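Participant: Give me a 3D structure for the following:
(2 chains)
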There are 2 protein chains.
Amino acid sequence: MQHNASLTTPYAIRNMIRNEDYTGSTSGFVPGFVQANLVILPKRYAFDFLQFCQANKKSCPIIASSQQPGAVSISNVAHDLDIRTDLPRYRIYKKGQLVDEVTNIKEYWQDDLVSFLIGSSFSFEDSLKDAGIEIRNVTEHKSVPMYITNIPSESAGIFHGNMVVSMRPMKPADAIRAIQICSRFSDVHGAPIHFGDPAAIGIKNINRPNYGESVSIKEGEVPVFWACGVTAQVAIAQAAPDFCITHSPGHMLITDIQNAHIASF
Amino acid sequence: MQHNASLTTPYAIRNMIRNEDYTGSTSGFVPGFVQANLVILPKRYAFDFLQFCQANKKSCPIIASSQQPGAVSISNVAHDLDIRTDLPRYRIYKKGQLVDEVTNIKEYWQDDLVSFLIGSSFSFEDSLKDAGIEIRNVTEHKSVPMYITNIPSESAGIFHGNMVVSMRPMKPADAIRAIQICSRFSDVHGAPIHFGDPAAIGIKNINRPNYGESVSIKEGEVPVFWACGVTAQVAIAQAAPDFCITHSPGHMLITDIQNAHIASF
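Facilitator: Residues are numbered from 1 along each chain as shown, chains lettered A, B, ... in the order given. Got it, this is the predicted structure:
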């Protein structure tokens, strides 16, 4: 079976991914449905990590997490979910170091693993596009530029680090509209945390993102910065837990949750 | 009777003003209640003016207007209102020229006059202060700086002109919060229409406002611009109707409407 963009349900896409008929990026898949970042940690780290996310919910909004260690499904998020197979690509970390990248994690699965789903900017990008706002990274076919700021996250147990932000350049009028729209979506980072001067949040060179790719900023535009789920990955890298699994960047879980259903008003 | 800041109801303040015991600015009076700009025009201009306001509602949000020409009260806005006496100070215009400034308009009243109440930024300033955001013009005891932009208003009949904006400098994080808060108040100008580069909306010198007074913009702050009810006064000045009455700047009608009651969510 080849990739068929007309597959219109998240369930159909997840099945295609489960069968490893598709192992690429989920960018643009099934517009209107929430895509989630994945973090999997052994139970001994789970409470600290959840506390970290709760304390830094603009960066790390928890959509859902395992009801019990070792569970491969998560209720109310995705029908018939198997977290070990239903994302296209995973990264395996040991003591904070990337050791493998795989298309399923069956061989890495352990009974003490707890899965966390973290909201992603893919959701609000849909809503911004619906409002006629150009998303530069989409237009330029790049992954969104991300920067480590000088804004410290709240620490929790072993987890600490600075906030990572994603950046989308916009004209001020579009930025104002984007702030309004994103304010409705607190589960996917909510409103931006900054716009304008990158140095004010510790970004030295806007053209050299720490993650993703640089995008062009046109005359009359300002960079607009959103808290980013990669904040969790920076905290995990610094905490260097014995073991951790994440999705590969851009290779997300497509949930059954509609973006419209997580809007707060 | 002297000015007593402890008079806590709009009705009590309006009575004091009606008796001409107080003829000053209403800035800071009865926080939490909507203060309105006043425009009074002969009936022959009323439809065009209302159309102008409807077409430019970010600048000229109509809170209420007379149910019939010559009426001195307006239902559901202010108990026992007499529009001729219940504002501290009025301006009289003939053919677009200011000809008088008075503390009541009894001698100028005509049976064909229609009154319009237009929302004011005083309302959202209250809400911003409640959120801990500094309002520079309040801190510096100045009237807010206002600028004529290069953004044309929608024309209606004889009424046309460019949008006037008020400006409040803020740190980006406060500006984002202000955009969220003001989005709830579409009856009092709603979200800002621009931030950052003044030249992008035709403002040549931020330190030389067309109305009000210049305020300081500190390191790390950006100017944030809101559509302003003075847009109506610019349109009236350009249309130069035979006769028009407005409130004097800062000398508003204090209504019985609570700011919280005009919030859209």
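Participant: can we go C-alpha only for contacts and neighbour counts from here?
Facilitator: Noted.
Participant: residues in contact with stretch A:243-260?
Facilitator: Stretch A:243-260 is contacted from outside by A:10-11, A:13-14, A:24-27, A:29-30, A:32-42, A:77-79, A:86-96, A:101, A:123-124, A:143, using C-alpha atoms under 8 Å, 6 or more residues apart in numbering or on different chains.
Participant: Which PyMOL command selects the buried ones in those?
Facilitator: In PyMOL, this line selects whichever of those come out buried by 16 or more other C-alpha atoms under 10 Å in any protein chain shown:
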select buried, chain A and resi 10+11+13+14+24+26+29+30+32+33+34+35+36+37+38+39+40+41+42+77+78+86+87+88+89+90+91+92+93+96+101+123+124+143
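Participant: filter the contacts of stretch A:243-260 by proximity to chain B?
Facilitator: Among those, no residue lies close to chain B (C-alpha under 8 Å from any C-alpha of the partner chain).
Participant: Which of the contacts of stretch A:243-260 fall in helices?
Facilitator: Judged by DSSP state H, helices contain the following of the contacts of stretch A:243-260: A:10, A:11, A:13, A:14, A:123, A:124.
Participant: Could I get the contacting residues of the fifth one?
Facilitator: Contact analysis of residue A:123 by C-alpha under 8 Å, 6+ apart lists A:32, A:33, A:34, A:35, A:188, A:259.
Participant: so which of these comes closest to chain B?
Facilitator: Set against chain B, the nearest of these by C-alpha to the nearest C-alpha is residue A:188 (16.2 Å).
Participant: Count residues in the vicinity of that closest one, would you?
Facilitator: By other C-alpha atoms under 10 Å in any protein chain shown, 33 other residues sit near residue A:188.
Participant: Wait, it touches residue A:120, no?
Facilitator: Yes: between residue A:188 and residue A:120 there is a contact under C-alpha atoms under 8 Å: 5.4 Å.
Participant: Can you tell me which of the ones in helices among the contacts of stretch A:243-260 is closest to residue A:208?
Facilitator: residue A:124 (23.9 Å; C-alpha to C-alpha).
Participant: Who are the contact partners of the nearest residue to the closest one once chain neighbours are set aside?
Facilitator: Leaving aside its chain neighbours, residue A:124 sits nearest to residue A:182 (6.3 Å; criterion: C-alpha to C-alpha, 6 or more residues apart in numbering or on different chains). If you count contacts by C-alpha under 8 Å, 6+ apart, residue A:182 has them with A:124, A:189, A:190, A:191, A:192.
Participant: so where does the last one fall, helix or strand?
Facilitator: Here residue A:192 sits in a region with no helix or strand, counting by DSSP states H and E.
Participant: quick one: which helix or strand includes the closest residue to it other than its chain neighbours?
Facilitator: Using C-alpha to C-alpha, 6+ apart and skipping residues adjacent in sequence, the residue nearest residue A:192 is residue A:226, 4.3 Å away. When elements are defined using DSSP H and E, residue A:226 is found to belong to strand A:222-227.
Participant: I'd like the distance from that strand to the chain centre, please.
Facilitator: 16 Å (C-alpha atoms, centre = their mean, to the nearest Å).
Participant: How many neighbouring residues does the residue of the stretch 1-150 of chain A found nearest chain B have?
Facilitator: Nearest residue of the stretch 1-150 of chain A to chain B (C-alpha to the nearest C-alpha) works out as residue A:58 at 13.4 Å. Close neighbours of residue A:58, defined as other C-alpha under 10 Å, add up to 24.
Participant: now do residue A:111
Facilitator: Residue A:111, neighbours per other C-alpha under 10 Å, totals 12.
Participant: Now it: phi and psi?
Facilitator: phi -70, psi -10 (degrees, to the nearest 10).
Participant: Surely it and residue A:72 touch.
Facilitator: No: applying C-alpha under 8 Å, one finds residue A:111 not in contact with residue A:72, separated by 9.6 Å.
Participant: what residues does the stretch 151-265 of chain A put near chain B?
Facilitator: A:172-173, A:176, A:179-180, A:183, A:191-197, A:200, A:220, A:265.
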